[in-house]
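**Q** would you be able to build a 3D model of this:
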Amino acid sequence: MKLKEEQTLVLIKPDGVKRGLIGEIMRRIEQRGLKVIALQMFQATKEQLAKHYADSEANLKAMGDKTLATYQKYDLDAVKEIGTNDPVKIGKMVHGWITDFMTSGPLVKMVIQGLHAVEMVRKLVGNTMPSQAEMGTVRGDYSVDSAVLANAQKRGIRNLVHASGNIAEAETEIKLWFFDKEIHEYKRAEEDIMF
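**A** From the prediction side, this is the model:
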């Protein structure tokens, strides 16, 4: 295994693009000693997002269960709020809201490479739920959105950025969003000094 060459996918979501955070997000990644080896702004299609955000029944149920847990935490009645407490039906709703959000404007897609790239980028961007993200992370510094607010407004969570969760997920996502010829190799000047 070549640890220096671990790769991960980052998507700057429409809210990050519209808020002018592309440069800031890239700066934080590069400042960490990671390198951008592929980069493109694009408009995602619903078909692409269906492949990125799995809509299998198991995944929809997991989304629904997570949403139900949020409602329970805030002592809200899911049936009253969104018309059902069936986790798969809720998962379908959430999946639809995410797809609508991710197609609402352009995204920036990047492949990031470097030592422990997946873990480092996840640390940089912070908790998926912005209201729980630590200060000093992208989400902690630039977003305060929460699941309960997003659900109440029937929309995807505005959390600025997607970062692959593990190496296997990164490999799958990179193949989904980039052709091999779009990914470049180069050596950063400080690589020999940093690791």
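**Q** show the pLDDT at the residue nearest in space to the middle of the chain.
**A** Centroid check for the chain by Cα atoms, centre = their mean gives residue 162 as the closest residue, at 1.5 Å. Residue 162 is assigned a pLDDT of 97 by the prediction.
**Q** same question, residue 60
**A** pLDDT at residue 60 comes out at 91.
**Q** low-confidence stretches in this structure?
**A** 1-4, 195 (pLDDT under 70).
**Q** let me see the domain layout of it.
**A** Here the domain parsing of the chain from automatic domain parsing is 1-43+105-176, 53-99.
**Q** among those, show me which one is buried the most.
**A** Comparing these by mean neighbour count (mean count of other Cβ atoms under 10 Å), domain 1-43+105-176 ranks first with a mean of 18. Every C-beta, even on glycine, is put in place using the N, C-alpha and C of the backbone.
**Q** now the domains of the chain in a markdown table, please, with extra columns for distance to residue 188.
**A** Output for those, formatted as a markdown table (distance: least, Cβ to Cβ, whole Å):
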| stretch | distance to residue 188 |
| --- | --- |
| domain 1-43+105-176 | 5 |
| domain 53-99 | 32 |
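**Q** out of those, the one nearest residue 182 is which?
**A** Residue 182 lies closest, by Cβ to Cβ, to one member of the domains of the chain: domain 1-43+105-176, at 5.2 Å.
**Q** chain center to the closest one: distance?
**A** Computed by Cα atoms, centre = their mean, to the nearest Å, the chain-centroid distance of domain 1-43+105-176 equals 5 Å.
**Q** so who does the residue nearest to the centre of the chain touch?
**A** 9-11, 13 (Cβ atoms under 8 Å, 6 or more residues apart in numbering).
**Q** and if you look at residue 61?
**A** When contacts are counted by Cβ under 8 Å, 6+ apart, residue 61 touches 87-88, 91.
**Q** repeat for residue 170
**A** Here residue 170 is in contact with 6-9, 117-118, 164 (Cβ under 8 Å, 6+ apart).
**Q** from these, which ones fall inside strands?
**A** 7-9 (DSSP state E).
**Q** which single one of those residues is nearest to residue 71?
**A** residue 9 (30.5 Å).
**Q** quick check, residue 41 in a strand?
**A** Yes. Counting by DSSP: H, G, I helix; E, B strand; the rest coil, residue 41 is found in a strand.
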